[in-house]
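Trainee: Next come a sequence and a model predicted from it.
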Amino acid sequence: MRITNAVITNNAIRAMLTSQRGIDEGTRRVTSGLRVDRLSTDPTAGSEAMRAGSELRALTQYGRNIDRATAASTTQENVLNSMGDLLTRAQELALSQSSDTASAQTRAAVKVEIDQILRMAAALANTQHEGVYLFGGAESTTPPVVVIDGPIPSFTVATTAPGPEYELAPGQRLRVADRAEEVFGTPATGALASLRALSVALDANDRAGVAATSAGLNAAFQVVQDRIGATGARANQLDVTRSNVDALTLTLTAYRSELVDVDIEQAITELVAKQTTYQAAMLATSKVIDLNLTNYIR
């Protein structure tokens, strides 16, 4: 078999092209920081990286849901604390106006404050969060409590289905906000009804009636305290779930990085080696191509 200049030249060119492809691949890894940026590079690692990426996107959405649920829970807790303060004040006023020292004049003055407390409680029931009524349940675009002004304010409380749930993880959903009727009661019973009953008794200068409202106010206060406890328990659950999501996100991020990211120092070293090999191949090829009979004799 004869080895001609053409054969030598073709082999040299193929070697240079192979070296050039190696340099291109090395440059791509160094500039992108990725070992695998398409499935053809490493189908197994690429498929695993895609799966990890999909799970990371899902975790990101779960994280957003947890943050939204936490914000709603914090808002509800603040409202409940404020409602507890209003009921405590109402209890103090009821106690003072059921004593022997109270008079028609003092009860009339206190009635004004109780009516204001009732309106403030209704405003708390109509608290908005993210543009919807927090205690509106399934009817979150409609105010759950409507106050009807008059000598003795009255009100209506909407009866609704439970509100939406937040998806915190696969198969894990949590409803954060209570409905208005669960916290503030109905026109017949509960916090708002007890406040109105106190207003009626004060307006009538009914000492016994004022004293009788204490039981309803105490019961309403206990309902609010129970709801505060339940809200705190949900907040703890959200904190734990957030920690789990964060930990899993870190684990998946590290796993995906191992699959697709390149060791930059190693990549640079390999690129320099390939460039050196390519330069040597070019030098050798130039000598081979220049080799002919005249130069050989010379």
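Mentor: Perfect, I can see it now.

Trainee: How are the helices of the stretch 1-150 of the chain distributed by residue range?
Mentor: Taking DSSP state H, counting those that start in this stretch as the test, the helices found in the stretch 1-150 of the chain are 5-32, 43-97, 104-125.

Trainee: Can you name every helix or strand that the longest one contacts?
Mentor: Right, the one you point to is helix 43-97. Using 3 or more Cβ pairs under 8 Å, 6 or more residues apart in numbering; DSSP states H and E, the elements in contact with helix 43-97 are helix 104-125, strand 128-129, strand 166-169, helix 180-184, helix 191-203, helix 207-260. Where C-beta positions appear, they are placed from N, C-alpha and C, glycine not excepted.

Trainee: Same list, those, but as CSV with mean pLDDT and mean neighbour count please.
Mentor: Compiled in CSV, the helices and strands packed on helix 43-97 are given as follows (pLDDT from 0 to 100; neighbours: other Cβ atoms under 10 Å):
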stretch, mean pLDDT, mean neighbour count
helix 104-125, 97, 18
strand 128-129, 96, 17
strand 166-169, 92, 18
helix 180-184, 96, 24
helix 191-203, 97, 23
helix 207-260, 92, 16
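
Trainee: Columns distance to Pro151 on top of these, output as JSON lines?
Mentor: Formatted as JSON lines, the helices and strands packed on helix 43-97 follow (distance: least, Cβ to Cβ, whole Å):
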{"stretch": "helix 104-125", "distance to Pro151": "9"}
{"stretch": "strand 128-129", "distance to Pro151": "29"}
{"stretch": "strand 166-169", "distance to Pro151": "43"}
{"stretch": "helix 180-184", "distance to Pro151": "22"}
{"stretch": "helix 191-203", "distance to Pro151": "7"}
{"stretch": "helix 207-260", "distance to Pro151": "16"}
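
Trainee: Which of those sits closest to Leu95?
Mentor: helix 207-260 (6.8 Å; Cβ to Cβ).

Trainee: That closest one vs helix 191-203, what angle?
Mentor: 160 degrees (axes from the mean of the first three to the mean of the last three Cα atoms, to 10 degrees).
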